[in-house]
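Visitor: here is a sequence with its predicted model. Questions after.
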There are 2 protein chains.
Amino acid sequence: MRDGWLVCSGCSHRIPFNAGAGQCSCGGVFLVGYDLERVKASWSVNPLKDRASTMWRYHELLPVDRPNEAVTLGEGWTPMIRIPEWEERLTLKRLWVKRDEQNPTGSFKARGFSVAVSLLKERGIEKVAVPSNGNAASALAAYAARGKLQSYVFVPMDCPGIIVEESIRYGAKTFRVDGLIHDAGKIIEEGKSSEGWVNVGTAKELGRLEGKKTMGLELAEQLSWEMPDVLLYPTGGGSGLIGIWKALGELKEMGMLQGELPRFVSVQEVGCTPVVDSFRSGAKKLVPYGDDTTSSPTGVRVPNPPAGDLILSILRETGGTAVAVTRDEILQAQAYMGYQGISSSPEGAVVFAGLLHLREAGEIRSGERVVLYNTAHALKYLEWDPPTSIPVIKNYKEYAERVNTEHRATFMNKNS
Amino acid sequence: MRDGWLVCSGCSHRIPFNAGAGQCSCGGVFLVGYDLERVKASWSVNPLKDRASTMWRYHELLPVDRPNEAVTLGEGWTPMIRIPEWEERLTLKRLWVKRDEQNPTGSFKARGFSVAVSLLKERGIEKVAVPSNGNAASALAAYAARGKLQSYVFVPMDCPGIIVEESIRYGAKTFRVDGLIHDAGKIIEEGKSSEGWVNVGTAKELGRLEGKKTMGLELAEQLSWEMPDVLLYPTGGGSGLIGIWKALGELKEMGMLQGELPRFVSVQEVGCTPVVDSFRSGAKKLVPYGDDTTSSPTGVRVPNPPAGDLILSILRETGGTAVAVTRDEILQAQAYMGYQGISSSPEGAVVFAGLLHLREAGEIRSGERVVLYNTAHALKYLEWDPPTSIPVIKNYKEYAERVNTEHRATFMNKNS
């Protein structure tokens, strides 16, 4: 990127832009810096509202040299919808859901890989590898296919089968790893020099975070540049949350946002809560959770998020918090969202469950405006909860007969 | 709808607008007519480009009285992307895929039910029922949930389990029927008066077709009002194809389109090909396929589409055709699309397979501009093709060892 630079999130060390930069020697992550005056000028000459309905409408804030050659599948610019029934039940002024499951590959991960693969392609890279609990695997697979790179994906044993199958359908060389996501990451690190893989795992390259940033840019534009009070995000590796925060920071610096940044809230599942535990204990440095995780195999199960310190500082800086929810609460929240017509992955339901917690605790207050991020389709996880058995009928007579039996009362309950 | 009316597609009989109208006594379907001068005037005062990125941007061409109260989940305005590799391989000038799998509920069916449920809600209806091979079931379930109606869905025994499960998650009362889609339809017809169901099956009400029409409106706007040469659509009940044709007709009458309408092509799967057989035999009236279908349980398996005559006339009127493809060709096409990073349902792959057929036969010519409709996510049908087994490894050493064995050569082939 010709005009950009990199700044370390830990020690503020500044270096010239380099798409191949990994983490800083201090342990911080390098974040891309832009000439925001130039971006602003460009947006005033070519207004956003006249642009494509994809995240590439913000190309001046994405670190690629040739946006016209970006590896794109039509990602971003996903809908935000309100949930009036729950606004009323929780006495919130607004409750929005950002429906990022409507991306290509059915998850928000599309955003990061559209940018990452575009960058890698500009650099002539041919083989890319990722460790993933699921959605990153299939998103990398799809964008690598689109860009004609070969992808290698390594997922834990209990990664949902549908996502594994999806990755294969996009042509990824796909492996199950007898371990957790960081064991998968180790395989890539050990093999990368002999295999010629570029590791595109969380915080291993710049593009993914920049791509995820567009969730924040869209949030701002879709809310007419007025900030909500609270924003809840399911936190695994955390680069989605960091990306949104970075986006809002850039917009603020450009003078485009009214008021304060929203309070950022990380939600995790009981059984793997490094961010919640570290935040609540007041730690400045993230304390990894260790290998004894007992939470579900979803995107929020990351015992040692690489940019954990930055996540903690964002939660504190914005006056936010972190909260843990149980598997049962997640299933209940998923049902609540389903009954609103919204397909939410466990990760999306995690934040709804977090909202219920914080509203009850009074940490989110009556009359506030809240945004939930739904990061992926429920479809991808249907094995997570075993399929319901449903009644079989041959004709209306059979239906009507069952209506009058105890049997119907039973399955109707199960079925509603 | 205050300004609209209805015209029968069969006998051109015109009646006042009535949202509850079923099929005409001649067997034709009633289509909604609009005061297009008034629509045009409204579009010039409030230009489309300033409007919401959903299909409700076209609200003047949708038959609801209060678009602000529409039952919406953020449907429509889905991306169209080009496939450069296949443009080259098939020497086409353009090959676009309309990615309608990126709708809420993962399929184009969202469009129809957003309008249908909005209309039903305006009329105070409380219970809705649909016979479906899959995607209509889950779409009705989601929109009914959003609109606070109770939905009842009836699917054949072999409907994909994921879609059944999805319907239940949206709160639908869900039943498997020991038979095909028209057996499911019979149950609803027999039960509707005693159960209080409104049947929202294909051609049973006006809203679904009008909603699907937005696929055509978006196609036109996204291609800057210039028509492609050919448009391939997977044809089951056929209301998607009819809707697109109706949309382009309305735009043409409004003077907004350049040139001729594209040639419409229906693609079906061998084993249930009523449209293909009737078209190729020169019949004016559709001849139903009968109960001995051998095709796969997908949305294109409809032995007796209710508006079959109109489908045939559209194919003829636009100089189009109809083509049948085999299950193996569909699987191959699905793989081709996957390797472009596109998640396509069997129905989406059906049209890609149809394109390959027609291009080889010369019925689609070198240099033409072609649009394919991808109607749903691959994810929803992953049971259709049994999941691939993949290798399990513990560390890089195990990976590297396998690289050097025959074993790897084998699974890599299976895996790519």
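Guide: Received, thanks.
Visitor: count of neighbours near residue A:367?
Guide: Other residues lying near residue A:367 total 9 when counted by other Cβ atoms under 10 Å in any protein chain shown. Using the backbone N, CA and C atoms, a C-beta is placed for each residue, glycine as well.
Visitor: ditto for residue A:274
Guide: Based on other Cβ under 10 Å, the number of other residues close to residue A:274 is 26.
Visitor: need phi/psi at it.
Guide: Dihedral pair for residue A:274: phi -60, psi -40, per degrees, to the nearest 10.
Visitor: can you give the domain ranges for chain A?
Guide: Domain assignment for chain A by automatic domain parsing gives A:80-105+A:212-381, A:390-416.
Visitor: quick one, what contacts the residue in the stretch 201-350 of chain A positioned nearest to chain B?
Guide: At 3.6 Å from chain B, residue A:341 is the closest residue in the stretch 201-350 of chain A, using Cβ to the nearest Cβ. Taking Cβ atoms under 8 Å, 6 or more residues apart in numbering or on different chains, we find residue A:341 in contact with B:73, B:104, B:141, B:142, B:143, B:144, B:145, B:146, B:170.
Visitor: so can I have CSV of these showing pLDDT, neighbour count and distance to chain A?
Guide: As requested, the contacts of residue A:341 are arranged in CSV below (pLDDT from 0 to 100; neighbours: other Cβ atoms under 10 Å in any protein chain shown; distance: Cβ to the nearest Cβ, whole Å):
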residue, pLDDT, neighbour count, distance to chain A
B:73, 98, 26, 5
B:104, 96, 30, 7
B:141, 98, 31, 8
B:142, 98, 34, 4
B:143, 98, 33, 6
B:144, 98, 31, 8
B:145, 98, 24, 4
B:146, 98, 26, 4
B:170, 96, 28, 5
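Visitor: could you pull out the strands for chain A?
Guide: Counting by DSSP state E, the segments of chain A that form strands are A:5-8, A:14-16, A:30-33, A:80-82, A:94-99, A:127-131, A:150-156, A:173-177, A:198-199, A:230-234, A:263-269, A:321-325, A:369-374, A:392-393.
Visitor: got TSV for these, with mean neighbour count and distance to residue B:15 too?
Guide: What follows is the strands of chain A, written out as TSV (neighbours: other Cβ atoms under 10 Å in any protein chain shown; distance: least, Cβ to Cβ, whole Å):
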stretch	mean neighbour count	distance to residue B:15
strand A:5-8	18	68
strand A:14-16	11	72
strand A:30-33	20	62
strand A:80-82	16	36
strand A:94-99	23	39
strand A:127-131	26	59
strand A:150-156	25	57
strand A:173-177	23	57
strand A:198-199	18	65
strand A:230-234	28	51
strand A:263-269	27	54
strand A:321-325	24	55
strand A:369-374	26	43
strand A:392-393	16	36
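Visitor: those: lowest mean pLDDT?
Guide: Lowest mean pLDDT within those: strand A:392-393, at a mean of 86.
Visitor: elements contacting that one?
Guide: strand B:173-177 (3 or more Cβ pairs under 8 Å, 6 or more residues apart in numbering or on different chains; DSSP states H and E).
Visitor: about what we covered before: most tightly packed of the domains of chain A?
Guide: domain A:80-105+A:212-381 (a mean of 21; mean count of other Cβ atoms under 10 Å in any protein chain shown).
Visitor: so what's the gap between it and the chain middle?
Guide: Centre-to-centre, domain A:80-105+A:212-381 and its host chain are 9 Å apart (Cα atoms, centre = their mean, to the nearest Å).
Visitor: returning to what we had before: out of the strands of chain A, which is closest to residue B:324?
Guide: strand A:392-393 (30.7 Å; Cβ to Cβ).
Visitor: sorry, back to before: is it possible to get JSON lines of the domains of chain A that adds distance to residue A:177?
Guide: Listed next are the domains of chain A as JSON lines, based on distance: least, Cβ to Cβ, whole Å:
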{"stretch": "domain A:80-105+A:212-381", "distance to residue A:177": "12"}
{"stretch": "domain A:390-416", "distance to residue A:177": "35"}
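Visitor: show me the contacts for residue A:182.
Guide: Counting by Cβ under 8 Å, 6+ apart, residue A:182 has contacts A:131, A:303, A:304.
Visitor: same question, residue A:244
Guide: Contacts of residue A:244 (Cβ under 8 Å, 6+ apart): A:212, A:213, A:215, A:216, A:219, A:231, A:233, A:264.
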